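K.L.:
prediction below, plus the sequence it came from.
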Amino acid sequence: MNTIAPDYEKTELGSIQIAPEVIEIIAGLATVEVDGVAGMSGGFAGDIAELLGRKNLGKGVKVEAGQREAAVDVSILIKYGYRIPEVASAIQQNVKHAIQSMTGLDVVEVNVHIHGVHFPAQEKQDEEASIQQRVK
C-alpha cells in the first residue's frame, strides 16, 4: 500500500500524510454503522489477529490510495432478512462520505463483497451450547 503525500497537503511547516490503514479504519467503521451489516469478513489472517486479542478495525477492508483518489473494497456478513442491494448501496454512500469528509480524497469506487449471511438463531444456539459446556 502506498502512503499518501499529495502536493496540496504540503504546508509551510511540513507535510501531512495519511496512512492507508487510517482509511481502512474509517471505511470499516462507516461500514458497520449501516443497518443490516452483521460484521466484517476479514478472512483467515484477520480471524487469527482477533484470536490473538488484537482488535482489527480495518478487518475486511482493502484500500488503494493515490495522491487524490481512493478505491475501497469491503467484505461483510449481512444480517438475514435485509435486502442486500439496499444495504450495499447504503454502505457505498456511507463509506464514500466518511472518507471524503475526513481525508479530502475523492472516492472513485466502493465495492461491497457479501461473504455470508448471519442468522440470529445461530447466536442463540452458540450461547446455549456454551452454557451447557460450563455446567458439565
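P.N.:
Received, thanks. Residues are numbered from 1 along each chain as shown.

K.L.:
for this protein, what spans make up the strands?
P.N.:
Assigned by DSSP state E, the chain shows strands spanning 10-11, 14-15, 37-40, 61-65, 69-79, 106-118.

K.L.:
what's next to the fifth one, contact-wise?
P.N.:
Right, strand 69-79. 23, 27-28, 31, 36-43, 60-64, 84, 87, 91, 95, 99, 103, 105-118, 120 (CB atoms under 8 Å, 6 or more residues apart in numbering). For the C-beta atoms, the positions are set from N, CA and C on the backbone; glycine is no exception.

K.L.:
and residue 28, how many neighbours does it have?
P.N.:
With neighbours defined by other CB atoms under 10 Å, the count for residue 28 comes to 23.

K.L.:
ok, it touching residue 42?
P.N.:
No: taking contacts as CB atoms under 8 Å, residue 28 lies outside contact range of residue 42: 9.4 Å.

K.L.:
could you pull out the residues contacting both of the two?
P.N.:
59-60.

K.L.:
where in this structure is pLDDT low?
P.N.:
Where the chain drops to pLDDT under 70, the residues are 1-9, 43-55, 122-136.

K.L.:
grab the most central residue of it for me.
P.N.:
residue 28 (2.3 Å; CA atoms, centre = their mean).

K.L.:
that one: what's it in contact with?
P.N.:
Residues in contact with residue 28 (CB under 8 Å, 6+ apart) are 40, 57-61, 74.

K.L.:
from those, which would you call buried?
P.N.:
40, 58-61, 74 (16 or more other CB atoms under 10 Å).

K.L.:
and those as a markdown table, adding distance to residue 14?
P.N.:
A markdown table is the format used below for these (distance: CB to CB, whole Å):
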| residue | distance to residue 14 |
| --- | --- |
| 40 | 34 |
| 58 | 26 |
| 59 | 32 |
| 60 | 33 |
| 61 | 28 |
| 74 | 32 |
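
K.L.:
thanks a lot, see you next time.
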